[in-house]
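1. Compute the structure for the input listed below.
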Amino acid sequence: MLERALYLRPAIDHFLRKNQKLSKLALSDEEWDRCELVLAILRPFRTVSTKLQATIRPGIDKVFFYYENLFDQIDKVKIWIDTSINEDNTAPPSKPWLPAVKIAVDAMAAKLSKHYNRTGKSFIYADACILNPMIKMSIFQQESWKTTYGNGDKYRKECRQRFMRDYQHLSEKVPSSPSIGQKRKHAATYGDDDYEKFIQSMQSKITPQNEFDAYLKAGPVLLNSGVQSALNWWAKNKDVYPALSRMARDTLAVPCTGAGVEREFSKSRRVTPWTRNRLNPDTISEIMMYKNYLHRHSGLSLDWDGLPEDIEAQKEAMEENEVPVTWSEDWWNELVG
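-> Residues are numbered from 1 along each chain as shown. Prediction:
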């Protein structure tokens, strides 16, 4: 609302000046400045909310980063307010509204802290950071984090315990019994099998004991190494970390917010309007699953530059209704000839 109002400010001022009955509703320059200030304060929250509501790609590992970013934004606003207030703790004549803004910003910080503290009640946020190959433990090594929460050793130990308890057995192989030659049976000697066991026992003392330790010992993956996403990296390395990749898949699949679930309820209302109120629940479920399948497997992503006017009109109508503009190649060839 504020973005639209500020964008249309010349038109709004012109309209109100021309209409005497509504002229008393016109905003002063000071009030417009306050609108810009409020918009500047709220814009980072809107940006973060939009990103965290996405459901197509995992984002649970970004929660800590976004929280830290929002706290930094609030701190910047607080510093600006403190430097703008006079030495006697009064607002300057040009900004009499500063005390009210300061109260609002303090309330925002308290509200954000309340939600941030709740992240400690679930292990999913820390595990997601650790299981992102580009982050691992690095987010817990920041000075701001160390000062308040320590070096993250607690999160590492708890994540490791969950791996050992729930996933470690998925990579364990039943050892095969050593084969004994049928031609020459003799007492146990120092043969190849014993030598291999000796090597394994020596390596176990100098190498990590499980996939989790090996994964952390490798260090974070560089961002410019061609890795598109955390799940993409785990898909390519599932043979190296068969059990840990299962844990990563389960962890990173958790959505950041409940927006995706709410969207499904909104879609179901379109499937079952009052004219179709006798649909069987199983039918509704199958329709919803089919719609989701079409959305995920819609095929080729198209470049809309240079399309005929009628196709452009279809494209704009579909984008306004948030319909994915990705179809199969055969359908596209048939459409444009």
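2. ranges for the helices of the stretch 101-250 of the chain?
-> Using DSSP state H, counting those that start in this stretch, the helices of the stretch 101-250 of the chain run over residues 124-130, 143-149, 153-166, 192-206, 211-217, 230-236, 242-252.
3. Please convert those helices to JSON lines, extending it with mean pLDDT and distance to Glu68.
-> Quick note: C-beta positions are derived from backbone N, CA and C, even for glycine. Below are the helices of the stretch 101-250 of the chain laid out as JSON lines (pLDDT from 0 to 100; distance: least, C-beta to C-beta, whole Å):
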{"stretch": "helix 124-130", "mean pLDDT": "91", "distance to Glu68": "12"}
{"stretch": "helix 143-149", "mean pLDDT": "69", "distance to Glu68": "7"}
{"stretch": "helix 153-166", "mean pLDDT": "90", "distance to Glu68": "15"}
{"stretch": "helix 192-206", "mean pLDDT": "60", "distance to Glu68": "37"}
{"stretch": "helix 211-217", "mean pLDDT": "90", "distance to Glu68": "22"}
{"stretch": "helix 230-236", "mean pLDDT": "87", "distance to Glu68": "19"}
{"stretch": "helix 242-252", "mean pLDDT": "92", "distance to Glu68": "20"}
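4. Reformat those helices into JSON lines and put distance to Pro44 next to each item.
-> What follows is the helices of the stretch 101-250 of the chain, written out as JSON lines (distance: least, C-beta to C-beta, whole Å):
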{"stretch": "helix 124-130", "distance to Pro44": "20"}
{"stretch": "helix 143-149", "distance to Pro44": "17"}
{"stretch": "helix 153-166", "distance to Pro44": "26"}
{"stretch": "helix 192-206", "distance to Pro44": "47"}
{"stretch": "helix 211-217", "distance to Pro44": "32"}
{"stretch": "helix 230-236", "distance to Pro44": "24"}
{"stretch": "helix 242-252", "distance to Pro44": "24"}
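5. Can you tell me which of the ones you listed is packed in deepest?
-> Among the helices of the stretch 101-250 of the chain, ranked by average contacts under mean count of other C-beta atoms under 10 Å, first place goes to helix 124-130 (a mean of 23).
6. and that helix, what does it pack onto?
-> With contacts taken as 3 or more C-beta pairs under 8 Å, 6 or more residues apart in numbering; DSSP states H and E, helix 124-130 sits against helix 63-84, helix 153-166, helix 242-252.
7. hmm, who's touching that helix?
-> Under the criterion C-beta atoms under 8 Å, 6 or more residues apart in numbering, residues 58, 60-61, 63-64, 119, 135-137, 139-140, 152, 155-156, 158-159, 162, 216, 247, 251-252, 254 lie in contact with helix 124-130.
8. Relative to Ala109, which of the helices and strands packed on helix 124-130 is closest?
-> Ranking the helices and strands packed on helix 124-130 by proximity to Ala109 (C-beta to C-beta) places helix 63-84 first, at 5.0 Å.
9. Reformat the helices and strands packed on helix 124-130 as JSON lines; add distance to Lys236.
-> Formatted as JSON lines, these follow (distance: least, C-beta to C-beta, whole Å):
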{"stretch": "helix 63-84", "distance to Lys236": "24"}
{"stretch": "helix 153-166", "distance to Lys236": "20"}
{"stretch": "helix 242-252", "distance to Lys236": "10"}
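10. mind checking how far the spatially most central residue of the chain is from Lys78?
-> Geometric centre of the chain, nearest residue: Gly59, 1.6 Å, by C-alpha atoms, centre = their mean. Going from Gly59 to Lys78 by C-beta to C-beta, to the nearest Å gives 28 Å.
11. Kindly report the same for Asp13.
-> 32 Å.
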